[in-house]
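Chemist: Got a sequence here, can you build the structure:
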Amino acid sequence: MPLRLSEKHGVNPTIPSCFWCEKKKNEVVLMGRLRDDVEAPRTIVLDYDPCDSCEKAMAMGISLIECAEKPMIEGHREIQQGLYPTGRWFVVSQDFVLRIFDDEMAQSAVNHRKAFIDKECIEMLGLDKAEATHKLEDLSD
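Modeler: Okay, here's the model as predicted:
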């Protein structure tokens, strides 16, 4: 797909940031012409793909990803139908998942290496007392 150049900003580059840890990724994205020919922000979260560091941390076990039924920040897309990640996630062992969750949910988490859970589940598991791998600041009012 061809890139439409901005009359004011040319290729209009930005550096994507990791949704999960907010650190800059080692990438450059050429945004080109944006609506109203605005300049691209210096950094921007474009997707839910983890950076290399977060991907490595997630690979150490099974990621329990806190989700809400509506986005915390306007414009965030669903990660799965009706689920919006909050940015808070925990990496736990497979044994933990098999002990805590029912067979169907545990098997799904083991197969996919992740599970989407709500705040109440995090509290019920006592994970709210542990330090999250990362927590996106709630920017909503």
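
Chemist: quick one: pLDDT of T133?
Modeler: Model confidence at T133, expressed as pLDDT, equals 60.

Chemist: And for the one 3 residues further on?
Modeler: Note on L136: pLDDT of 40.

Chemist: CA atoms only for the biggest strand by length in the chain, dumped as CSV, please.
Modeler: Of all segments of type strand in the chain, defined using DSSP state E, the longest is strand 84-92. Below are the C-alpha coordinates for strand 84-92, written out as CSV (Å, rounded to 0.1, in the frame of the first residue of the first chain):
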residue,chain,number,x,y,z
TYR,A,84,-10.0,-4.3,26.7
PRO,A,85,-6.6,-4.8,28.4
THR,A,86,-5.9,-2.5,31.3
GLY,A,87,-2.1,-2.9,30.9
ARG,A,88,-1.8,-4.9,34.1
TRP,A,89,-0.5,-8.4,33.7
PHE,A,90,1.2,-11.2,35.7
VAL,A,91,3.3,-14.1,34.6
VAL,A,92,2.5,-17.3,36.6
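
Chemist: Would you mind listing the buried residues in the longest helix seen in the chain?
Modeler: Longest among the helix segments of the chain by residue count, using DSSP state H, is helix 103-112. Residues 106, 109 are the ones in helix 103-112 that count as buried (16 or more other CB atoms under 10 Å). Placement of C-beta: from N, CA and C, glycine included.
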